[in-house]
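>>> fold the following.
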Amino acid sequence: MYPFDAKIRRQSIDPDDLIYAHAGSMDACACALLAAADMLDAGVFTAPPGQW
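As a prediction, the model looks like this:
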């Protein structure tokens, strides 16, 4: 089980931290889009979302 409590641990407006955070989040989005494309190509979704 992961500890999750939504507390801000450390806030930083340092430009380097902002760049790393942005790059990391864009990487996560890209990975999600690639996974979704693989699922569509594999035929995982055979019906529109309202008909699952």
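
>>> mind listing what's buried along the one helix or strand His22 maps to?
According to DSSP states H and E, His22 maps onto helix 15-42. Going by neighbour count (16 or more other Cβ atoms under 10 Å), nothing in helix 15-42 comes out as buried. All C-beta spots, glycine's among them, are computed from the backbone N, C-alpha and C.

>>> point out where the chain drops to low pLDDT.
Scanning the chain for pLDDT under 70 picks out the ranges 1-9, 52.

>>> if you set the cut-off to 90 instead, what comes out?
The chain contains residues with pLDDT under 90 at 1-15, 17-18, 21, 40, 44-52.

>>> for the spatially closest residue to Met39 that is not a sequence neighbour, grab the count of nearby residues.
Leaving aside its chain neighbours, Met39 sits nearest to Phe45 (6.6 Å; criterion: Cβ to Cβ, 6 or more residues apart in numbering). Phe45 has 11 neighbouring residues, counting by other Cβ atoms under 10 Å.
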